[in-house]
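Participant: sequence and predicted structure are below.
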Amino acid sequence: MTISEDHTNILESVIDTLDEGIAVLDEQLRVLFWNAAATAITGYQRADMLARECPSNLYQFDSQATHISSFYDSASCDSLNQSERPVQVHLLHQLGHTLPAMLRRSRLSNEFGGRSGTVLRFHPVEEIDALPHGKPSEDASLERSQSNLADRLDAAWQEWHTNTVPFGVLWLTVDQAATLRKSHGRDASEAMLNVMETSLLHVLKPTETLGRWGENEFLIISHERSSEMLSLHAERLASVARSADFHWWGDRIPLTVSIGAAQAERQDASTASGSQTLTALLRGAQQAMQALIDAGGNAVTHARRQACSQS
């Protein structure tokens, strides 16, 4: 056995230890590698998958088995769009049933920049809720441009409206931001917002997007599966925000946040105009946040319940 073959076997053994399903496809969508987790999740054995074309119905977008080709140009495993962001799908198990999962597609390029293959990574959606909090998450997305964040909002809304991918928003403001801007100036306020941004990014989930929304506010695009889970997630973020270590000229300034949460729900999807409904969803989150500020801040509430959870 050559050194190269030995290293390849070691690498395959390492990938087999992962809990996430990994499938590597060539340019013709034939399976080059299928790890142990991919077998455990889908039931398809590695020996049956290698050197064969990836099944065109391996994943679907909803429980009605709507084929992925209804939304994209190709009916193959490689038919997700060019985005490498995770997408919620229904994986087809070898026994015939489906299971909700998050799937990410990554393009492989050769030395000339051309396409040489594709990597599919997937895991059951239940594992999203078990992702660690309080540890850096390199996959969390930060959007510096408000217009780009607005585009992300539109895309997330359409994914929910069309493919039932869960979608909610968290409208967050730092309670001390306006006062700090008046008392210490714009530089102090911006430094504080940067600290808060970093603190939040460290605990956001891989599927979430964070961006500035207004002078002292943030907007988080989330994919929790219910309003209750979104509110619980907001509580965790509020707790992390309160522990943010912000100093200005040697003085530590305690920070608190007010978060308004709004979850897209089925009655929203039945509204004739998707853009108007998205506007209403955002308005609900903003009004929930503003009500908290008026009541003294340092709390989380959901737009539909309007029931504050004081800290």
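Facilitator: Alright, I've got the coordinates.
Participant: quick one: contacts for Leu153?
Facilitator: Residues near Leu153 by C-beta atoms under 8 Å, 6 or more residues apart in numbering: Val169, Leu219, Ile221, Leu278, Leu282. For the C-beta atoms, the positions are set from N, CA and C on the backbone; glycine is no exception.
Participant: which among those gets closest to Met229?
Facilitator: Val169 (13.8 Å; C-beta to C-beta).
Participant: wait, the closest one sits on Phe218?
Facilitator: No - Val169 is beyond contact range of Phe218, at 10.6 Å (criterion: C-beta atoms under 8 Å).
Participant: which one of these two is surrounded by more residues?
Facilitator: Val169 (26 against 23; other C-beta atoms under 10 Å).
Participant: list the beta-bridge partners for the more buried one.
Facilitator: Ile221, Ala262 (DSSP bridges).
Participant: hang on, the earlier thing: intersection of neighbour lists for Val169 and Phe218?
Facilitator: In contact with both Val169 and Phe218: no residue, using C-beta under 8 Å, 6+ apart.
Participant: biggest separation within the contacts of Leu153, which pair?
Facilitator: Longest span within those, C-beta to C-beta: Leu219 and Leu278, 12.2 Å.
Participant: rewinding a little: make JSON lines out of the contacts of Leu153 and add pLDDT.
Facilitator: Output for the contacts of Leu153, formatted as JSON lines (pLDDT from 0 to 100):
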{"residue": "Val169", "pLDDT": "96"}
{"residue": "Leu219", "pLDDT": "96"}
{"residue": "Ile221", "pLDDT": "94"}
{"residue": "Leu278", "pLDDT": "91"}
{"residue": "Leu282", "pLDDT": "94"}
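Participant: tell me the one of those nearest Ala101?
Facilitator: Ile221 (19.8 Å).
Participant: confirm for me that that closest one is in contact with Val169.
Facilitator: Yes - between Ile221 and Val169 there is a contact under C-beta under 8 Å: 6.2 Å.
Participant: counting contacts, what elements does the helix or strand harbouring Leu230 pack onto?
Facilitator: Using DSSP states H and E, the element containing Leu230 is helix 227-242. Judged by 3 or more C-beta pairs under 8 Å, 6 or more residues apart in numbering; DSSP states H and E, the packing partners of helix 227-242 are strand 168-174, helix 186-201, strand 217-222, strand 257-263, strand 299-302.
Participant: in TSV, list the ones you listed along with distance to Arg105.
Facilitator: Listed next are the helices and strands packed on helix 227-242 as TSV, based on distance: least, C-beta to C-beta, whole Å:
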stretch	distance to Arg105
strand 168-174	24
helix 186-201	23
strand 217-222	20
strand 257-263	27
strand 299-302	33
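Participant: list just the nearest of the contacts of Leu153 to Leu25.
Facilitator: Checking these against Leu25 by C-beta to C-beta gives Ile221 as the nearest, at 29.1 Å.
Participant: quick revisit: any idea which of the contacts of Leu153 is closest to Glu12?
Facilitator: Taking C-beta to C-beta as the measure, Ile221 is the one of the contacts of Leu153 closest to Glu12, at 35.9 Å.
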